[in-house]
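**Q** Starting from these lines, generate the structure:
(chains A, B and C)
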Amino acid sequence: MSNPFFKNYGPINILKIIDLLNINGNFQKKNINDIKDLSSSTENDLTFFHSGKYKKLANNTKASFCITSNNLKNELPDSCIPLVVDNVLISTALVTKKFYPDAVHDQFDNTVEDIVRTKFENKVIFGKNVLIGTNVSFGSDCYIGHNTIIEKNVSIGNGCFIGSNSIIRNTLIGNKVKILDNCVIGKHGFGFFPDSKMNTRYPHIGIVQIHDNCEIGCGATIDRGSMSNTVIGKNTYLDNQIHIAHNVKIGENTIIAGQVGIAGSTILGNNIKIGGQVGISGHLKIGDNVEIAGGSGVIKDIPANSKVMGYPAKNIRQFLKENK
Amino acid sequence: MSNPFFKNYGPINILKIIDLLNINGNFQKKNINDIKDLSSSTENDLTFFHSGKYKKLANNTKASFCITSNNLKNELPDSCIPLVVDNVLISTALVTKKFYPDAVHDQFDNTVEDIVRTKFENKVIFGKNVLIGTNVSFGSDCYIGHNTIIEKNVSIGNGCFIGSNSIIRNTLIGNKVKILDNCVIGKHGFGFFPDSKMNTRYPHIGIVQIHDNCEIGCGATIDRGSMSNTVIGKNTYLDNQIHIAHNVKIGENTIIAGQVGIAGSTILGNNIKIGGQVGISGHLKIGDNVEIAGGSGVIKDIPANSKVMGYPAKNIRQFLKENK
Amino acid sequence: MSNPFFKNYGPINILKIIDLLNINGNFQKKNINDIKDLSSSTENDLTFFHSGKYKKLANNTKASFCITSNNLKNELPDSCIPLVVDNVLISTALVTKKFYPDAVHDQFDNTVEDIVRTKFENKVIFGKNVLIGTNVSFGSDCYIGHNTIIEKNVSIGNGCFIGSNSIIRNTLIGNKVKILDNCVIGKHGFGFFPDSKMNTRYPHIGIVQIHDNCEIGCGATIDRGSMSNTVIGKNTYLDNQIHIAHNVKIGENTIIAGQVGIAGSTILGNNIKIGGQVGISGHLKIGDNVEIAGGSGVIKDIPANSKVMGYPAKNIRQFLKENK
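**A** As a prediction, this is how the structure comes out:
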């Protein structure tokens, strides 16, 4: 849980949090600094625990309080007081909003200025109508194309090329990265709680990290993470019109052809090749050196070194034998 | 047939219309106010009738004239004079163009002004380089991002967020709607008559309606309707890079994941869930509460309450059993 | 190999080329004007020969030098001295970069000026913030929308409509062509040599040609060719969100629905119909009058006059029979 860019409005007294969650019981006043995951919380933090598969982490959390369910509360150590709620994720979102209210909505950044009025005027080579927000930094030898908007909270390394008509916020960019035209990078993901009257967005306190030597094609949308980051590993190349959802992590030396979509929280290894128009469902693991043929739809984990094809994707030889 | 935004150049004398359609016969001078569908026409309107499935409506039309084929002309009441042509749709398009010449082409709107020179300067919170066309209105508490162009004929309700680099025209937007970055909304659809020398575009006199509480993701294209409207129902959420073709109607509380495409004139009910990269053919009906798994291709109607998957989409259990 | 737009930095002495390729042997000084393919080279050019299927062309090349492999070198005539390398394509890219260094990177065009400061001020009808680069020409009766960037090396015919927020470079556009909003046309393709430390881009010295009466939908990306051109034939219509990769050639009177992707170097005939979300692999041939149903994935050549569907695409009747 990394949040270099969102202002933490804490500490917040636990009594206010109790109140927000409509929890009964006697609690002592105590200031809570932050909301973090089970393993990174300290005794001044609040955490959350919503699924049995995190039991081990829950047993050892250092947090003083934990939003959890009646079923899971007994897994917490004595040092951690359970806050029992009906829906752990909705309650976690509610509390996260209190700490990070700026991470919920993504209206345009009204801190931007024309680059000619900023300190970057002589540092960066830039086109017409370039806008720069607060908390932006550039390394040496960077180019930014026309009409591009570098909104707040963007760090760009050395030797980067940013195209025209692109919009970037809440993103850490390494060295020698190219981002082509018409991209939107770092906006919140498609994450919300459906409700038949009015859906509720949950906060996205993660960021986008794009490591050295990457190229991001035209028309990409790369959403920032909700409780973790969206990551594009070193020397990975994305073709045009690709959609990378929130919390996705892509490894190094990976090549992704046009119009691919990767759903939220999926994790890809290194040296992967993905053909055009492939779709990958959320919350999957794709191992190192995997090759996915163009047009495939991946709906389960793919072990390392496999070649797959089809919808649902399976062993490529088997698929081609069955589909002559 | 709702056309609040396109100027009707009528009335047009029926003799001019006869002439345009190369029809022989004796006709009396009569001014025609508008071209409308079978059921909404009055005695001063012209209508059209191109398929037997509209027989019942044809039997009862109040229009004085009807563009139709030799096969269908006898279905019309005595009060309605048939204008018999070879291709009803091409002839209808020709006549519609006479009434609504502005609905054929979609060149950029040259009525726009920088928002700082408009009456909205103090009403709306806006970014840099925002352009506003004629016949635009805003409710209270609206935001418009940088470089966004609200072209002519757009009505926006209260509490709406419009992102950056988006283009909107001919669109009615409700309250608390969010439209993210790089969208193009309200342009004509992909509707034309193919011809080996030069295709002919037909007019699009419909609009786009986006109801309260909707969210439209980055990079969406939502085309306006040709003879009816394109509609996004209340509290429906669209992820990034989605394409909604002309005349599509989507119900309420529907959730559509990234890179989905819905072809022209398809009608979707309420409470539908559509996974990423789904494609839905044109002129289909998708019932309430349907769930369509990511990557599916839908080529026929889907009854309410079904869960489907595959290409072509079928019952999800059957699909998964057959595709292990 | 047509390169009206990229500056040729030749002639280059063959000794410098030898040195660049790390080739041993005795060579005589000689100025080389250009690098061309086997058939269009003259005695002052260098060529390349990387696959046995071009034997016949190699037997008859007029080039004085040819980058090739040990296996193929004996196919060259006595007048052509082989330059034997390990990887013909990488070496060809290296040399092409020397002749055409401007064809490798695609940073934004910093030659652009606001159109009001150019000679087109009274010739073209234009929106706000339109930028025009060097070596651009327009016919009569052209429109360009707001925020559009016509970068260097673009020729536009008569009666063309260019939308808003589009970016075009290195492109020849015929008469009566419409390019809608948010397109990116003429940028380099997704062509590079993968390397686990840092991928190397190869030059794209081709252009995009869009012939008379075409329409290109919103959000299209059409990449220019690497060693040949990307071509859209006369009266061909593309719907929204389509991706056309480098070197693709599309014939006349073809209709392509939304979200289609065509991978590099595939060649399509005339009068083809392609449904929405179709994907076509690279280096294929699709014959005249072919119809490809929406959602299909094409992975092999399709003979003329066929109707195909499925993934992989096969005869449409067979597909529908097998997939009830």
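
**Q** In chain A, where is pLDDT below threshold?
**A** Residues of chain A that meet the criterion pLDDT under 70 lie in A:1-3.

**Q** all helices of it, in order?
**A** A:14-20, A:55-59, A:88-99, A:316-322 (DSSP state H).

**Q** measure the residue in the stretch 51-200 of chain A positioned nearest to chain C to chain B for me?
**A** Using CB to the nearest CB, A:Gly145 is the residue of the stretch 51-200 of chain A that sits closest to chain C, at 3.2 Å. For every residue, glycine as well, the C-beta is placed using N, CA and C. Distance of A:Gly145 to chain B, computed by CB to the nearest CB, to the nearest Å: 13 Å.

**Q** quick one: is stretch A:92-103 near chain B?
**A** No - remark: stretch A:92-103 sits outside contact range of chain B, by CB under 8 Å from any CB of the partner chain, the gap being at least 14.4 Å.

**Q** For that stretch, what is the distance to the chain centroid?
**A** Between the centre of stretch A:92-103 and the centre of its host chain there is 16 Å, according to CA atoms, centre = their mean, to the nearest Å.

**Q** Can you point out the buried residues in that stretch?
**A** Buried residues in stretch A:92-103, counted by 16 or more other CB atoms under 10 Å in any protein chain shown: A:92-100, A:102-103.

**Q** repeat for stretch A:25-39
**A** Buried residues in stretch A:25-39, counting neighbours by 16+ other CB under 10 Å, are found at A:27, A:30, A:32-38.

**Q** Can you tell me which of those is nearest chain C?
**A** Checking the buried residues of stretch A:25-39 against chain C by CB to the nearest CB gives A:Asp37 as the nearest, at 32.3 Å.

**Q** Tell me who's in contact with that closest one.
**A** Neighbour list for A:Asp37: A:1, A:47-48, A:57, A:227 [criterion: CB atoms under 8 Å, 6 or more residues apart in numbering or on different chains].

**Q** can we see that at 10 Å?
**A** A:1, A:45, A:47-49, A:54, A:57, A:61, A:63, A:227-228 (CB atoms under 10 Å, 6 or more residues apart in numbering or on different chains).

**Q** Kindly report the same for A:Phe161.
**A** Under the contact definition (CB under 10 Å, 6+ apart), the residues listed for A:Phe161 are A:125, A:141-145, A:176-180, A:215, C:105-108.

**Q** so how far is stretch A:214-223 off the chain centroid?
**A** Stretch A:214-223 has its average C-alpha position 14 Å from the chain's average C-alpha position, going by CA atoms, centre = their mean.

**Q** Check whether that stretch comes near chain B.
**A** Yes - for stretch A:214-223, a contact with chain B is found by CB under 10 Å from any CB of the partner chain, at A:219-223.

**Q** re earlier: just to check, the residue of the stretch 51-200 of chain A closest to chain C is in contact with A:Cys160?
**A** No - using CB atoms under 10 Å as the test, A:Gly145 is too far from A:Cys160 to be in contact (11.6 Å).

**Q** so what sits against both of those two?
**A** Overlap between the contact sets of A:Gly145 and A:Cys160, as judged by CB under 10 Å, 6+ apart, is given by A:Ile179.

**Q** between those two, who's got more neighbours?
**A** It is A:Gly145, of A:Gly145 and A:Cys160, that has more neighbours when counted by other CB atoms under 10 Å in any protein chain shown, with 29 against 24.

**Q** A:Ala263: how many residues sit nearby?
**A** In terms of burial, A:Ala263 registers 27 neighbours under the definition other CB under 10 Å.

**Q** Same question for A:Glu43.
**A** Other residues within reach of A:Glu43 by the criterion other CB under 10 Å amount to 13.

**Q** For chain B, what's its nearest residue on the stretch 201-324 of chain A.
**A** A:Gly297 (3.5 Å).

**Q** separation between that residue and A:Asp114?
**A** 44 Å (CB to CB, to the nearest Å).

**Q** Neighbour count: these two, which is higher?
**A** The neighbour comparison of A:Gly297 against A:Asp114 (other CB under 10 Å) goes to A:Gly297, with 26 against 15.

**Q** and that one, what is it in contact with?
**A** With contacts defined as CB under 10 Å, 6+ apart, the neighbours of A:Gly297 are A:261, A:277-281, A:310-313, B:275-277, B:293-296, B:309-311, C:311.

**Q** Flag every buried residue along stretch A:280-293.
**A** A:280-282, A:284, A:286-288, A:290-293.

**Q** Could you do stretch A:138-146 as well?
**A** So, applying 16+ other CB under 10 Å, buried residues of stretch A:138-146: A:138-139, A:142-146.

**Q** Contact partners for the residue nearest to the spatial centre of chain A?
**A** By CA atoms, centre = their mean, the mean C-alpha position of chain A lies nearest to A:Gly225, the distance being 1.7 Å. A:Gly225 sits next to A:1-3, A:170, A:186, A:188-189, A:191, A:204-209, A:231, A:245-249, A:264-265 when contact means CB under 10 Å, 6+ apart.

**Q** ok, and which of those reach chain B?
**A** The subset of the contacts of A:Gly225 within reach of chain B, counting by CB under 10 Å from any CB, consists of A:188-189, A:245, A:264.

**Q** Most neighbours of all the residues you listed, which one?
**A** Scoring these on neighbours with other CB under 10 Å, the highest-scoring entry is A:Gly189 at 28 neighbours.

**Q** Make sure it is actually in contact with A:Ser226.
**A** Yes - between A:Gly189 and A:Ser226 there is a contact at 6.2 Å, judged by CB under 10 Å.

**Q** now for the buried residues of stretch A:138-146, which pair is the farthest apart?
**A** Across the buried residues of stretch A:138-146, no pair lies farther apart than A:Gly139 and A:His146, at 20.9 Å, counting by CB to CB.

**Q** Now do the same contact list for A:Gly310.
**A** Taking CB under 10 Å, 6+ apart as the definition, contacts of A:Gly310 comprise A:292-293, A:295-298, A:316, A:318-320, A:322-323, B:323, C:297, C:311-312.

**Q** And for A:Ala58?
**A** A:Ala58 is in contact with A:38-39, A:47-52, A:66, A:68, A:72-77, A:80, A:82, counting by CB under 10 Å, 6+ apart.

**Q** is it true that A:Leu238 touches A:Val248?
**A** No - between A:Leu238 and A:Val248 there is no contact under CB under 10 Å: 11.6 Å.
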